[in-house]
Structure formats: structure tokens, C-alpha cells
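> could you look at this predicted model? Sequence included:
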Amino acid sequence: MHKFGRIKITTAIPGSHSGLKDLAYNLWWTWNSEAIDLFRDIDLVLWEKLDRNPVRLLQEVSRRKLEEKQASPEFMERYEKVMKDFRHYLSDEDTWFRRNCPQYKDEHIVYFAAEYGFHEVLPVYSGGLGILSGDHCKSASDLGLPFTAVGLLYKQGYFEQRINAEGWQETQYFSLNYSQLPVIPVTDDAGKPLTISVELANRTVFARIWRIDVGRVKLYLLDTDVPENNAYDRSLTERLYGGDRETRIQQEIILGIGGIRALDALGIKGTVFHMNEGHSAFMGLELARKLIAERNIPFDEAREIVYSSSVFTTHTPVPAGNDVFPLEMVDRYFCRYWEQLGLQRHEFIRLGLKPGDPDNFNMTVLALNMSGRRNGVSALHGAVSRNIFNCIWPGFHEDEVPISHITNGIHTMTWLAPGIRHLFDKYFPSDWKYRLDDESVWESVDRIPDDELWKTHMTLKTQMIRCIRERLKKQYMANGVPLHEVNDLDNQLDPNAMTIGFARRFATYKRASLIFRDLSRLEKILNNKGTPVQIIFAGKAHPADRPAHEVIKHIHDIARREGFRGKIFLVENYNMSLARSLVHGVDVWLNNPRRPLEASGTSGMKACINGVVNFSIMDGWWCEGYNGKNGWVIGDDTPYSNEHHQDDADSKSLYEILEREIIPLYFNRDERGIPTGWVRMMKESIKSVAPVYGTHRMVKEYTQAMYVPCMERIQKIHESDCALVRDLAAWKRHVEAAWPHVTLTANEDIHGLSDYQAFSDQEIRLSVTVQLGMLAPEDVKVEVFYGPIVNNRIVQGKSAEMSLVRQTDSGTWHYETSLRFTDGGEYGYTFRVIPWNANQMNKYDLPLIRWV
Ligand SMILES: *Cc1c(COP(=O)(O)O)cnc(C)c1O
């Protein structure tokens, strides 16, 4: 071969199409199907070949194709319409946020996450957490929130998965070519890459900033692959969740501390800071460090401001999802940092210590300690989180631990199948896309004729099957499967078989192989004449999670056995494109995690809005979403201490409901071949899930319950010229010092803690004496805490403030109150004191409480 030089030609886009490039560089296209259709129609084959990447499409499309389009009035008309919609979207001032919170339009919400899933062309997500961050940004844009997101740009993203001939997962990494992706380099005034730096144990590491436009929202991503860094540091942000603990802490320092510095470099002044999962929790420390440096205030005052402006969402009770670092490691990275906070080592370490684990620095605990508003991602997960983190508020009743919940959602327009959307266009009010969380809109589902919905579903199912066949063929060929077996695929994946989809990360708590617990029973279910069933599996295992690899291997092996071959399929490389295909086209979406470990789950929501019926354990969002007629429940809400028993009970329930309810309903057809009972359930599923489990509802809740209250409080702090936090910090120091001397004494003789008999609605007078020592009655609330007694404990306890009656002695006060109970039964009551200050953010700001 002769030597040759390379010339890369990028197609010059004619002026008449110049908007296409703007469109390709804003992820708005990912949730606007008219824009997607435009790119597809330029060159369908190239579009698919380039994995639906419009930036590359425009670089590589032939001039002839573009000229053809230019000459087509039909195409140009659509093009003009899309461009008009796009420009209007970007400049529209009449947004939900502007209408509801006009006074806060100039404030700024900053969102931190380690992963973002917008579309398969940007593989910087691993699973549900990333997709949720992406969907959150999309809705924040749609609703017009003043919102900026921060993350890391991973040169190699998350891995691509191969499943080899033996059924083992293999990981492959490819470097992303940023010039072919909708990422925009951020430069300084001189046109040089804008960079920031952080200190990582004795050295300075630089990171440059990239930008991704998500509608109106801008996402800034940090990347350490810059010439200023040595080779090791350049690779720090190479892989999402790659490397070891050491890599992880460094990535999290870059994300949290570097993220705040990037905002400064960009001139963005955040008011509210939202940590989506604990990965970014160092952010709170950097905010405090800046305040201390700028205003010369002590740490506890700075922390009070950080606390007032920060929101923290915890996403999983599973230990692998909650980062901890050995103290020795934290020492190495932070020994010069805590000085800048004016803290000593033990004070710093305490910020991340979980009681009972003295050897590790826990990022979730740090986040809980630095943010005044905290939430889990479903009602059940809120309760589970209150239980797990009760230790941070020792002495408090679990129900009162200040962690609330906001149930997750999905970005409706991202996950809705085009075919289904067309039905909505036809039968819904014309403005339905602007009222996605309005339940009355979704009532119109009933106006869709059964046969039209069923036909649309079957079309989507056929498309899904075509896509799965294609993927499987590639997979089998790569594994050297004999050609006749590859060709057999054309006869397998029967569109008339009831098709169950199971796709998600293969974390072991998701129990992907639960359905294999009784193989002979499953074999019968799959092979019944006249009611055939097939199951499609997909999912990635974290490279270091050996047990999860075994699960993949197990599914693979069963899929090859007699009786299961051609009925069970395992598709490699689960990503957003495969997810779309499955949630659009299967009949049943199966979810069987080990309760209560699925914090929310979102893939079931994606299925439901497309009329795919959800069949799930009573866990995560399904506890709220299930209404008795929109799907099925596996098992019940029994808590188990023995995993074996739980698996047995859940799998039995799974088989039973499949056999008795799901399969019969699916195959019960009318004279037109339509399963009318099933279609009724599809409609109920769409109608009940779509308006509630969307990110529009979710982002509105975050705005109302979290963001706006933060803004109000920060405004109050500024109005007081920070006196509010100065006084509050001083008061907290005072209360903490005085607390050991606070005691309560029940007055046994007069209405104290003694046993009563009373009638319903009879007034019961109670009193208690409190020794406050150095504290004044204004510093505390004295409460009676009461509720029904179950298993010798007060449950669903309520508290009521008691009234100060008189001082009985120096530092001793007498309080009284009365209770009435309406219903008969046995109730318990007791007394307690908690610190109280009108300026604190929450009732339980100080984790101090004294019981009688
Ligand atoms: C939605 C989604 C998930 C999350 O699925 P769960 O069932 O909530 O675990 C994971 N990966 C991809 C690619 C998704 O689209």
C-alpha cells in the first residue's frame, strides 16, 4: 500500500437548510418527533447506520440528498414548521414557571448528577438514575424553569455490552468523538477552552467545560482530558462508574467541587442547588468554602446558608448505590480542605459519618447533613429512607425523620411511541401536549376505538420484533452460532405470542431470574397450545458485579434449553434505543425486584403510557400507581426477613397470576380478533399513569416543595443581611451546649404518665414539668406525643404542642395540655422537648430531642 494522507470532508449545508444544524445541536429534537422525522427523511439508511445521530448525519449526508430535499416543497414546508416550532419554543416567555413564579424568574436552580440519559447517541448514563436526570432536564426546559445542569463528560461513556457464546457479559469501551456529537466546547474570551482546576491530594487537576443544550436548559460537563494534566489525570473522567474507589472519589471531587467552580467560571449564580443522588455531595462543602472565603464567616454560618439553598434526592436503599470512602482516603484528599472550612479533622469527618460505621465517610450522610430539604423517590422509598437514616436523627420517631418523597416520573414526549402519539393527536383535545399532567386530557383515551388502539399496538409490536431479530442476528453471528439457527430467528419471535419484556440493569436485587424458579411450570406456561408466551430479556450488569454476571449467564443458558429455545430471548447492549423499542412494543412489562429495594423504577411508567400492561411487585412507584384495574401485582406487601421465602412466595404469585388472569385475558378475543378486555386494561393503564407519572408533575412538585421554598428562604436571608443565619448559628451553638441539662419529669400525681380510663371525646388533661437549665421557654417546644399502641409501641404518633402554665422553680417550667380520642382503643402518650426557633428551616433542624 502506498502512503496516503487523509482529508475529512464535512458536507456544507446549504443556506436554505442552515437551521438543521441548530436543530441537531439542541437535544430538543430527541422529544419532538417532527424533528426526528425530518432527519430520518433526509437519508433513512444513513440515519439508522449512524445510530440516529443528526450531527453526524449532517456531516456525512451527500450533497445530492440535501439538494433533493431542498427541491421538495413538502419537505421544505415541514422543515419551516419544525424550525418555527423550535425557535418559538426557545424564545417563548409564557411558560409555566413564569406564570406561577414571576418573582423568581431571575433566580437560578442548579442541578448536579453523575449521569444523564437523553438519547442513545450520548452514552453517558448507566440506567434509571441517568434517564431520570435527563428527563428532569427536559421537563425543566418545557416548564421554563431557570435551570442549569452540571455533570461530567465521560470520554468513553458507559460500556457497550456483548454477551458471548457462553453467555458471559463482555465489556467494550469506545471513545466518543465529540466533534460528531451535540456537545459544544465552552471557550473563554480569547477563544481558548474554558477550564477550572481542583486539588486532588497534592496535585492540581484541570478540567475543561463542555455544553449540551437541552431545549432551553444548558448542561455543563467537566472533562479532565486536557493537555495540562498528566496521563493518569486525563483519564479520570474517562468512564462512568469505572475504576476503583480512588477513581470514584476523584470523580466526585471534580463533579462536586469542580462543578461549583465551573459555575463561577461561567458567571452563573445559583440560588438553589439540587444534588441528584450523593455523588455530587462535595458540592455543599465547596459552597461553604466559597462563602467562608468571600465573607469571612465561620463554618456554621456558611453551612446554614448552604443548608437553606440545597436540595438532596436519595435514589436507592441498596448499599452499592450509596458511596462510602475509607477515612484514610478522605484524609488524603481533604487534609488541606478542612482547614479552609475552619474545621478540625473530627468536625469535618463527622459531616459524613453514619452512626454505627465509624470507618467510612458516607456521601449520602454528607448530603443529608448539608441540605435542608431531602426526599426519596416514591412514598415507600421515602419511608424506607426514613428508616435507614433514622440514625442521623437519633431519638426521633421514624415517621418524623425529615426526609419526604417526590415520586419519580418520565418525560412523556420522550417515551411515547409515534404511533400512539398519532392516536392522541386524533382523539385528544388539540392542546394535549401542553397539558401532559392534566388528568382530564387523558380521559380522552376512552374515545379511541378498541380496534384502532389494538392495531396500533400490533404495528408497534411488529416493529419491535423486527428490531429484536436484527439485534439478535448480529449477536448470534458474532458468537459463531450456526447460520441455520440465525435464520431460525425469522420464524421465532411470534407476533401472536403474548410477549413479556424484562429489561433493566441486572442488579441482583431486581431478580431477573425469578421467573425461572419453577422451570417445569414456566415451560408449560410458555408452550400451551393456542396461548403461546415469549419473554425478551435485556440489561447490563456493572462490570464489577460478579453475581449479576451469573444472572445473565443463567438466562442465557435457559434460553438454549429444550422447551425454552425460541421462547426466551436475551438481547445484548440494553440502551435507550432498545428500551424505547421494548416499552413501545411488548404486551406485558414485568418487574420483580426484591421489595422494598426498588426505590421507584421508571421503565414500567414508560410501558404504561404506551398501553403496555405493567405486572410488578408492590414496590417503588407501583404501590401508588396500581389502582386495581390498570395492571397486576405480584405478591403483596408482606415484609420478609428470609430471602428464600420471599422468592418462593413471589414466584408462586407470579406464575399464578400469569396462568389465571393475564394469559386468559390476553387471548380472549372477540369476533374481530380483538382482546377487548385487554384493550380496556391498556386504556386504563395509559389514562391512570400518563398524567401522574410524568416528569412534568414531578418537576412541578420539586419546584413547589423544594425550589421555591429555597428561593424564599435565601431571599429572607439576604434581606436580613445574613443576620438571620448569624443569629441562628449562634442560637444553635447555645442550644447544643445547654441541651445535656434539659430534662422532663412526668407528674405522676397530677395527670402525668399514668394509666387512664376514659370515654371517647372525654377531655383528658395532661401535664409535665420541664427543666430547661440555661434555655428559655422560647427556645423549645414541649409536646405530647400520642397514638395507638401496637406491639407495645406507639405507632402513627402525632404530636401536639403543650402550653406553658407557670414557672415552678428557677429553670423549671410547668406545661399542660388536653387530649380527646374519638375512637375506642388503646392509646399511648408521652412527653418530649425539642429546640425551637422561628427562623430555623424545619422543625427538626437540630437533631436534638429529649423524651420524658
Ligand atoms: C428507563 C430505563 C432504565 C430504568 O429502568 P428501571 O426499570 O426503572 O430500572 C434503565 N435503563 C434504560 C436504558 C432505561 O431506558
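Noted; the coordinates are in hand.

> quick one: the nearest residue to Asp494 once chain neighbours are set aside from Met498, how far?
Nearest-residue entry for Asp494: Pro532, 6.2 Å, with adjacent residues in sequence omitted and distances by Cβ to Cβ, 6 or more residues apart in numbering. Where you see a C-beta, it was placed from the backbone N, CA and C, and this is true even at glycine. Going from Pro532 to Met498 by Cβ to Cβ, to the nearest Å gives 7 Å.

> try Trp168
Taking Cβ to Cβ, one finds Trp168 at 30 Å from Met498.

> more neighbours, the two?
Met498 (23 against 13; other Cβ atoms under 10 Å).

> who in the stretch 301-450 of the chain is up against the ligand?
Taking Cβ under 6 Å from any ligand atom as the test, the list of the stretch 301-450 of the chain residues beside the ligand is empty.

> can you tell me the number of residues neighbouring the closest residue to the ligand within the stretch 301-450 of the chain?
Ranked by Cβ to the nearest ligand atom, the top residue of the stretch 301-450 of the chain for proximity to the ligand is Ile410, at 7.3 Å. Ile410: 30 surrounding residues under other Cβ under 10 Å.

> thinking again about what came up before, find residues that contact each of Pro532 and Met498.
Here Pro532 and Met498 have no joint contacts, going by Cβ atoms under 8 Å, 6 or more residues apart in numbering.

> and Gln796, what is it in contact with?
Gln796 neighbours (Cβ under 8 Å, 6+ apart): 399, 787-788.

> confirm it sits in a helix?
No: Gln796: not assigned to a helix; according to DSSP: H, G, I helix; E, B strand; the rest coil it is coil.

> against the ligand, how distant is it?
The gap separating Gln796 from the ligand is 30 Å, by Cβ to the nearest ligand atom, to the nearest Å.

> show the pLDDT at that residue.
Per-residue pLDDT puts Gln796 at 88.

> number of residues surrounding Tyr666?
Using other Cβ under 10 Å, the number of residues around Tyr666 comes to 21.

> what comes into contact with whatever helix or strand it lives in?
Under the criterion of DSSP states H and E, Tyr666 resides in helix 663-667. With contacts defined as Cβ under 8 Å, 6+ apart, helix 663-667 is touched by 498, 525, 528, 530-531, 533, 587-588, 675, 677-678, 681.

> can I get the buried part of the residues you listed as one ChimeraX selection?
Command for ChimeraX that selects the buried part of the contacts of helix 663-667, burial taken from 16 or more other Cβ atoms under 10 Å:
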select :498,525,531,533,587,588,675,678,681
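
> so which of the contacts of helix 663-667 are in strands?
Counting by DSSP state E, the contacts of helix 663-667 place 498, 533, 588 in strands.

> my guess is Tyr574 contacts Gly539, does it?
Yes: the pair Tyr574 and Gly539 passes the contact test of Cβ atoms under 8 Å, sitting 4.9 Å apart.

> mutual contacts of the two, please.
Shared contacts of Tyr574 and Gly539, counting by Cβ under 8 Å, 6+ apart, come down to 503-505.

> reformat the residues you listed as TSV; add secondary structure and neighbour count.
Shown next, in TSV, are the shared contacts of Tyr574 and Gly539 (DSSP: H, G, I helix; E, B strand; the rest coil; neighbours: other Cβ atoms under 10 Å):
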residue	secondary structure	neighbour count
Ala503	strand	24
Arg504	coil	24
Arg505	coil	18
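
> filter those by proximity to the ligand?
504-505.

> strands along the stretch 1-150 of the chain, start to end?
109-112, 147-152 (DSSP state E, counting those that start in this stretch).

> the ones you listed: which one's closest to the ligand?
Closest approach to the ligand among these is made by strand 147-152 (17.0 Å; Cβ to the nearest ligand atom).

> look at the closest residue to Arg261 other than its chain neighbours and tell me its secondary structure.
Closest residue in space to Arg261, ignoring its immediate chain neighbours: Ile196 at 4.1 Å, by Cβ to Cβ, 6+ apart. Under three-state DSSP, the three-state class of Ile196 is strand.

> how about Ile196: which residues does it bridge to?
Beta-bridge partners for Ile196, by DSSP bridges, are Ala207.

> export stretch 335-346 as CSV, just CAs?
What follows is stretch 335-346, C-alpha atoms only, in CSV (Å, rounded to 0.1, in the frame of the first residue of the first chain):
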residue,chain,number,x,y,z
CYS,A,335,-6.5,17.3,54.8
ARG,A,336,-5.9,20.8,53.4
TYR,A,337,-9.5,21.4,52.6
TRP,A,338,-11.0,21.2,56.1
GLU,A,339,-8.6,24.0,57.2
GLN,A,340,-10.2,26.2,54.6
LEU,A,341,-13.5,25.4,56.1
GLY,A,342,-12.1,26.4,59.5
LEU,A,343,-12.8,22.8,60.7
GLN,A,344,-10.7,20.3,62.6
ARG,A,345,-10.4,16.8,61.2
HIS,A,346,-13.0,15.2,63.5
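
> with neighbour numbers in mind, choose between Tyr574 and Gly539.
The neighbour comparison of Tyr574 against Gly539 (other Cβ under 10 Å) goes to Gly539, with 25 against 19.

> residue contacts, the spatially closest residue to the more buried one that is not a sequence neighbour?
Spatial nearest neighbour of Gly539, chain neighbours left out: Phe506 (4.3 Å); criterion: Cβ to Cβ, 6+ apart. Taking Cβ under 8 Å, 6+ apart as the criterion, Phe506 is in contact with 512, 539-541, 545, 548-549, 551-552.

> check which helices and strands the longest helix along the chain is in contact with.
If you go by DSSP state H, the chain has its longest helix at helix 450-478. Packing partners of helix 450-478 (3 or more Cβ pairs under 8 Å, 6 or more residues apart in numbering; DSSP states H and E): strand 160-163, helix 418-427, helix 483-488, strand 568-571, helix 576-585, helix 676-689.

> returning to that earlier point: out of the contacts of helix 663-667, who's nearest the ligand?
So of the contacts of helix 663-667, ranked by how close each gets to the ligand (Cβ to the nearest ligand atom), first place is Val588, at 13.9 Å.

> contacting residues around the closest residue to the closest one other than its chain neighbours?
Spatial nearest neighbour of Val588, excluding adjacent residues (Cβ to Cβ, 6+ apart): Ile500 at 4.6 Å. Ile500 makes contact with 533-536, 586-590, 615, according to Cβ under 8 Å, 6+ apart.

> can I get the helix or strand harbouring Ile500 in PDB, CA atoms only?
In the assignment (DSSP H and E), Ile500 maps to strand 498-503. What follows is strand 498-503, C-alpha atoms only, in PDB (Å, rounded to 0.1, in the frame of the first residue of the first chain):
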ATOM      1  CA  MET A 498     -48.100 -12.800  24.300                       C
ATOM      2  CA  THR A 499     -44.700 -11.100  24.800                       C
ATOM      3  CA  ILE A 500     -43.300 -10.200  28.100                       C
ATOM      4  CA  GLY A 501     -40.500  -7.700  28.400                       C
ATOM      5  CA  PHE A 502     -38.000  -7.600  31.200                       C
ATOM      6  CA  ALA A 503     -35.200  -5.000  30.700                       C
END
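
> list the neighbouring strands of it plus their orientation.
Counting by DSSP bridges, strand 498-503 is paired with strand 533-538 (parallel), strand 588-591 (parallel).
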